[in-house]
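Asker: Pasting the sequence and the predicted coordinates here, then a few questions.
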Amino acid sequence: MLSEIHISPDASIEDALRNLKGAYGRDPSNAELLKTARYFYANGQYKQSLLCCEIHQSRTNKSENSSHLLGYCAAMLSDRARAIECFKITSNKSYPTDWQLLVELMVELE
């Protein structure tokens with residue numbers, strides 16, 4: 001199922017959601033959004049994963065799970081400032097190991 005979902009790296013959030021709705025035959029659940037985001041990330045499709053995380057965050061008030069994955073996507077896409085923003089949220093809560101990456105990214109920006 002997940003391998004059948006196609007989102008262009010240049011898609012808008014609205015286009016990505018439309019493609020997800022088409023693939024799932026309905027509005028995907030929050031759990032399905034995260035599962036799809038993880039699938040894209042594992043396959044090196046960081047922009048598509050980021051889009052799924054953004055949709056998830058818009059529904060969940062910046063969930064820690066999607067913030068964590070969004071931070072990794074942003075780091076892989078060289079968006080250091082956004083990755084830092086995400087890891088500041090997650091390192092204080094559910095993902096204490098994000099501190100190391102947060103510090104490394106902050107040093108890179110200096």
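Answerer: Looks like it came in fine. Remember, it's a predicted structure, so these values are computed and weren't measured experimentally.

Asker: can you list contacts of the longest helix along the chain?
Answerer: What stands out as the longest helix in the chain, according to DSSP state H, is helix 46-60. Here helix 46-60 makes contact (C-beta atoms under 8 Å, 6 or more residues apart in numbering) with 7, 9-11, 13, 16-17, 20, 30, 33-34, 36-41, 63, 65-67, 69-70, 73-74, 76-77. Quick note: C-beta positions are derived from backbone N, CA and C, even for glycine.

Asker: Give me the buried stretch members for that helix, please.
Answerer: Under the neighbour-count criterion of 16 or more other C-beta atoms under 10 Å, helix 46-60 has 46-57 buried.

Asker: send the alpha carbons of the helix or strand that comes right after it over as CSV?
Answerer: Per DSSP states H and E, helix 46-60 leads on to helix 64-76 as the next helix or strand towards the C-terminus. C-alpha atoms of helix 64-76 as CSV (Å, rounded to 0.1, in the frame of the first residue of the first chain):
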residue,chain,number,x,y,z
GLU,A,64,6.3,15.4,19.4
ASN,A,65,6.4,12.4,17.1
SER,A,66,6.0,14.4,14.0
SER,A,67,8.3,17.2,15.3
HIS,A,68,11.0,14.5,15.8
LEU,A,69,10.7,13.1,12.3
LEU,A,70,10.3,16.6,10.8
GLY,A,71,13.5,17.7,12.5
TYR,A,72,15.4,14.8,10.9
CYS,A,73,13.8,15.6,7.5
ALA,A,74,14.8,19.2,7.8
ALA,A,75,18.4,18.3,8.8
MET,A,76,18.6,15.9,5.8
